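Participant: prediction below, plus the sequence it came from.
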Amino acid sequence: MAKPGKNVRRAAVSALRAWAKGHVYADSLIERHAERNHLSSQDRALMKAILMGVLRNRSLLDYWIAIFRKGKLDPEVRDVLRVGMCQLLILRIPDHAAIYETVECARKPVQGLINAVLRKAAHARMRMLRELPEVELATQYSHPHWLWKRWKSLFGKSNAVALMDWNNVPAESHYRVNLLNPPPADAPEPTNEHEAIGSGHYYITDPSTSHAPALLAPRPGETVLDACAAPGGKAVQLAGLMNNEGRLVCTDSNEKRLPRLQENLKRCGVRIAEVAQHDWTQPAPLEWHGLFDAILLDVPCSNTGVLRRRVDARWRLQKKDIDELNVIQKKILEAALPCLKAGGRIVYSTCSIDPGENIELVTKFAQEHERVTLGESRQLLPFKDDCDGAFAALLTIKG
């Protein structure tokens, strides 16, 4: 039987290789590779810490690797070195385990190289950490240079640094009380996520997600649409604000996400919801035209407000993506507009902190549609509000 430690490092390297070759989210890779390598819960936790540590600190790890190994490296060798460096310099795992087990999971021809680089790094660790403040900021905080420059221009240098620092701290869990099934007054706080979710009394989410449903303020008896509903956190809150009275239509563009959406709604006691597949970049079915009192549009976005939770998203995102997302976001707004009753309202929301996806977009949309009035808007920023970044804006339709 293979040594547990060896399996953990091999699993981490395999997950990194899979991530580099495709568009699989890091969270799903943890489950897949933990199961494939038969990892215990303890080893799974270590593999997750290594994988997330590498993705959070990717540029910095490559900077450190380059100190001891100049020139090009085979991609797999680089990932093995990232895994080793992360253990030594980020997770502070004891040298003998970090080095030996990492070397053992590499291919035989490169084990000597891996061993030499990691031993040099262990020997120079205190100097490397002491010199860290001198490293260029985008590299030091492991963010793409274009994103760092964009944030510095938008928010100023100190706020941009604070934002990158925020993104590199693992996100904590927040329990939001389910208004439809609140815990008894004398019930103790849940001790873990599994317990909280299983009880149906709570939903696990960041406080920033509550602002859009609250701004929409759906009332009991109304007909409401949650257009981009999966996995269901905002839909549960909408149903709670409606006191489970009225009609709540929940749609998502991806049919594969609908079972989980239905499961979450049922577990939380939502009785007024109906679930359907629809891509809101396309025209809405005619039977939905003029149907809704209120619509929540939690549109696809750059995720720049939630990069501490979606650890790998910073490396997927490209500068051109924001312009392409703007096209999608406008299409969704255009498609939803005919579905409102006269005097109805839309809340447009994102988990982005980029003005181009947020206030600039809805301002222009209102200017281009004379029946649309832009009302209250809220932009949450991690360095200011101590929560994930998010945006919500209320658009009302003249009767």
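Facilitator: Looks like it arrived, so ask away.
Participant: so what are the domain limits for this structure?
Facilitator: Here the domain assignment for the chain is 4-135, 206-397, based on automatic domain parsing.
Participant: can I assume residue 111 is in contact with residue 102?
Facilitator: No - with contact defined as Cβ atoms under 8 Å, residue 111 does not reach residue 102; the gap is 9.6 Å. Placement of C-beta: from N, CA and C, glycine included.
Participant: who has more neighbours out of those two?
Facilitator: Remark: of residue 111 and residue 102, residue 102 carries more neighbours, 31 against 15, as counted by other Cβ atoms under 10 Å.
Participant: any idea how far residue 122 is from that one?
Facilitator: Using Cβ to Cβ, to the nearest Å, residue 102 is found at 11 Å from residue 122.
Participant: who wins for proximity to residue 166 among the domains of the chain?
Facilitator: Among these, domain 206-397 comes nearest to residue 166, with 4.4 Å by Cβ to Cβ.
Participant: quick one: list the elements packing against the helix or strand containing residue 176.
Facilitator: Under the criterion of DSSP states H and E, residue 176 resides in strand 175-177. Packing contacts for strand 175-177, counted by 3 or more Cβ pairs under 8 Å, 6 or more residues apart in numbering; DSSP states H and E, involve strand 202-204.
Participant: the strand it packs on pairs with which strands?
Facilitator: strand 175-177 (antiparallel) (DSSP bridges).
Participant: which residues touch the partner strand?
Facilitator: 183, 189-190, 196, 201-205, 207, 209-210, 233, 237 (Cβ atoms under 8 Å, 6 or more residues apart in numbering).
Participant: what is the mean pLDDT for that strand?
Facilitator: Averaged across strand 175-177, pLDDT comes to 83.
Participant: where does the closest residue to residue 252 other than its chain neighbours sit: helix, strand or coil?
Facilitator: Spatially, and ignoring its direct neighbours in sequence, residue 252 is nearest to residue 230 (4.1 Å; Cβ to Cβ, 6 or more residues apart in numbering). Recorded secondary structure, residue 230: coil (DSSP: H, G, I helix; E, B strand; the rest coil).
Participant: is it correct that residue 230 is in contact with residue 256?
Facilitator: No - Residue 230 lies out of contact with residue 256 (Cβ under 8 Å); the separation is 9.2 Å.
Participant: so where's the stretch 1-150 of the chain uncertain?
Facilitator: When residues are selected by pLDDT under 70, those of the stretch 1-150 of the chain lie in 1-6, 23-24.
Participant: show me where it has helices.
Facilitator: Taking DSSP state H, counting those that start in this stretch as the test, the helices found in the stretch 1-150 of the chain are 4-21, 26-36, 41-56, 58-68, 75-85, 95-104, 111-123, 125-130, 137-140, 145-155.
Participant: hey, which of the ones you listed is tucked in deepest?
Facilitator: Comparing these by mean neighbour count (mean count of other Cβ atoms under 10 Å), helix 75-85 comes out on top with a mean of 23.
Participant: contact partners of that one?
Facilitator: Helix 75-85 has contacts (Cβ under 8 Å, 6+ apart) with 9, 12-13, 16-17, 20, 50, 54, 58, 61-62, 64-65, 69, 73, 98-99, 102-103, 105-107, 110, 113-114, 117-118, 121.
Participant: how about a cut-off of 6 Å?
Facilitator: Contact with helix 75-85 is made by 9, 12-13, 16, 50, 54, 61, 64-65, 102, 106, 110, 114, 117-118, as judged by Cβ atoms under 6 Å, 6 or more residues apart in numbering.
Participant: so what's residue 332 closest to, chain neighbours aside?
Facilitator: residue 280 (4.4 Å).
Participant: what does residue 258 give?
Facilitator: Of all residues not flanking residue 258 in the chain, residue 275 sits nearest, at 5.5 Å (Cβ to Cβ, 6+ apart).
Participant: okay, and the beta partners of the one you found?
Facilitator: Under DSSP bridges, the beta-bridge partners of residue 275 are residue 250.
Participant: for it, give me its contacts.
Facilitator: 250, 258, 261-262.
Participant: for residue 290, state which of the residues you listed is nearest.
Facilitator: residue 250 (19.2 Å).
Participant: residues in contact with the closest one?
Facilitator: Contacts of residue 250 by Cβ under 6 Å, 6+ apart are 226, 229, 235, 273, 275.
Participant: so which of these is the most crowded?
Facilitator: residue 226 (30 neighbours).
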